[in-house]
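# need a structure here:
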Amino acid sequence: MLDGGLSAWRDAGLPVSTEPDPLEPGDVVVRPGSLPVLDADGAARVAQEGLLLDARPPERFRGESEPIDPVAGHVPGATNLPMGELVRPDGRLLPPDELRERLHALGLHASDATPVGTYCGSGVTAAHTALALAAIGVPAVPYIGWWSEWATAPARPVAPGA
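Got it, this is the predicted structure:
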């Protein structure tokens with residue numbers, strides 16, 4: 001992942017082209033299960049026993065707005081930490097000390113053994129949040145069903161408000 005995205009690449013004066021690069025064969029083997037992930041039951045457990053971070057904007061977390069899914073709210077016990085609060089205006093991650101301060105404000109220290117999970121609406125900002133936490137030594141496991149899965153299961157409880 002490039003911290004700051006394409007803008008950072010361009011700002012660094014690196015080349016950009018619309019022409020395809022010639023492909024070189026690689027040797028990467030991708031195997032299912034090679035990275036830890038949470039299912040819905042795991043996310044519920046982390047919300048109760050650790051820190052489950054909802055990376056969506058506050059209005060979606062509180063259930064005031066839900067532009068995508070049929071149900072608004074959040075996983076009971078989750079804590080809102082919008083991914084946008086972990087980046088600078090240019091899209092780059094905050095410096096490590098500032099990232100640690102954000103977690104400390106939520107009651108978590110990088111040295112804690114507290115289980116940490118992340119989720120959002122579709123996976124993008126939850127993955128980015130997990131990456132930001134990994135940058136400061138906090139392992140965070142994404143819930144891969146995201147809010148979209150949670151909200152469509154009638155038996156799953158939904159929490160509104162802050």
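# Going by neighbour count, which residues in the helix or strand of the chain with the lowest mean pLDDT are buried?
Taking mean pLDDT, DSSP states H and E as the measure, helix 5-11 is the helix or strand of the chain with the lowest mean score, a mean of 86. Using 16 or more other C-beta atoms under 10 Å as the burial criterion, none of the residues of helix 5-11 qualify. Heads up, the C-betas are built off the backbone N, CA and C, glycines and all.
# How about stretch 54-70?
54-57, 60-63, 66, 69.
# same thing with stretch 135-145?
Taking 16+ other C-beta under 10 Å as the basis for neighbour counts, the residues of stretch 135-145 that come out buried are 136, 138, 140-145.
# what does stretch 127-135 give?
127-133.
# same thing with stretch 35-50?
38, 40, 42-47, 50.
# Average pLDDT for it, rounded please.
On average, the pLDDT along stretch 35-50 is 95.
# related to what we said a few turns ago, now the two most distant members of the buried residues of stretch 35-50.
Taking C-beta to C-beta as the measure, the buried residues of stretch 35-50 reach their widest spread between A40 and G50, a distance of 15.4 Å.
# can you give me the strands in this structure?
Ranges of strands within the chain are 51-54, 79-80, 116-119, 141-142, based on DSSP state E.
# and the first one, what does it pack onto?
Counting contacts by 3 or more C-beta pairs under 8 Å, 6 or more residues apart in numbering; DSSP states H and E, strand 51-54 is packed against strand 79-80, strand 116-119.
# Now tell me what touches the first one from outside.
Read that as strand 79-80. The set of residues that contact strand 79-80 without belonging to it, under C-beta atoms under 8 Å, 6 or more residues apart in numbering, is 51-54, 56, 58, 61-62, 74, 106, 162.
# quick one, what contacts D54?
The contact partners of D54, by C-beta under 8 Å, 6+ apart, come to 61, 74-75, 78-81, 119-120, 147.
# If we use 10 Å, what do you get?
Listed by C-beta atoms under 10 Å, 6 or more residues apart in numbering, the contact set of D54 reads 47, 60-61, 73-75, 78-83, 117-121, 125-126, 129, 143, 146-147.
# bridging residues for it?
Assessed by DSSP bridges, D54 has beta-bridge partners N80, Y119.
# Tell me how far it lies from G73.
10 Å (C-beta to C-beta, to the nearest Å).
# what's the overlap in contacts for those two?
60-61, 147.
# Point out where this structure drops to low pLDDT.
Applying pLDDT under 70 to the chain flags the ranges 109-111.
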